[in-house]
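Student: The sequence and its predicted three-dimensional model are supplied below.
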Amino acid sequence: MKKAKRMAIMAAIIALIIGTFSGCAKKQTTKIWTDEEIKGFFKTETVGYEGDSFEGGIETSFTLYRNRESYESNYNYLDYYLFESAEEAKRVFDEYALKQKDNGWTPEDNFISISREGEIDGIVHRVYDCFYLSGNLIVFYDYGCDVDDEEIVAMYFEQINEVPEWIKTTF
């Protein structure tokens, strides 16, 4: 009887130790972005706009930073949604991704995107949008092209290949 009790206690201790170490292995440090870091991406003075409804009507609270003053490159078309916590940003991102999956968006871990093309009044419109989650930040990029000039269309396709990689490595 004593031997069985001792083995049960040893098994419990081993399970506790394994559980503790496996829990530590899963913890990852999440980047928490600050207002100053986001403002550092802009060349012009930037003001944060308080928001309470994310894309698609998801209720939340965030500060939106966007640069519409100067366009040195297409990377300036980014919108930065800064949330109070990484958990809230993830909740909003996951809810948005779930809603958009049926609309043709492509989810990939902490990145969702869509590329579409359509003709309106004889002009081909090309649109590329993506959302990227990084800690308490969601980065949104949208870029469109509505001309038939082959050089501009080639630049458009170059951008939609470069920008997602730039976003993933930067954030």
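Tutor: Received, thanks.

Student: where do the strands sit along this protein?
Tutor: Under the criterion DSSP state E, strands of the chain are mapped to 49-54, 58-66, 78-83, 106-108, 111-120, 123-134, 137-145.

Student: Report the contact partners of the most centrally placed residue in the chain.
Tutor: Nearest residue to the geometric centre of the chain (C-alpha atoms, centre = their mean): Tyr132, 1.9 Å. Contact analysis of Tyr132 by C-beta atoms under 8 Å, 6 or more residues apart in numbering lists Asn110, Phe111, Ile138, Val139, Tyr141, Pro164, Ile167, Lys168, Phe171. Where C-beta positions appear, they are placed from N, C-alpha and C, glycine not excepted.

Student: can I assume the first one is in contact with Leu133?
Tutor: Yes. Counting by C-beta atoms under 8 Å, a contact exists between Asn110 and Leu133, whose distance comes to 4.0 Å.

Student: hang on, the earlier thing: who's the residue nearest to the centre of the chain bridged to?
Tutor: Taking DSSP bridges as the rule, Tyr132 bridges to Phe111, Val139.

Student: from the contacts of Tyr132, which single one is nearest Val147?
Tutor: Nearest to Val147 among the contacts of Tyr132 is Tyr141, at 19.6 Å by C-beta to C-beta.

Student: State the pLDDT value of the closest one.
Tutor: You'll see Tyr141 listed with a pLDDT of 87.

Student: shouldn't it be in contact with Ile167?
Tutor: Yes. Between Tyr141 and Ile167 there is a contact at 6.4 Å, judged by C-beta under 8 Å.

Student: Give me the common contacts of these two.
Tutor: Contacts common to Tyr141 and Ile167, judged by C-beta under 8 Å, 6+ apart, are Leu78, Cys130, Tyr132.
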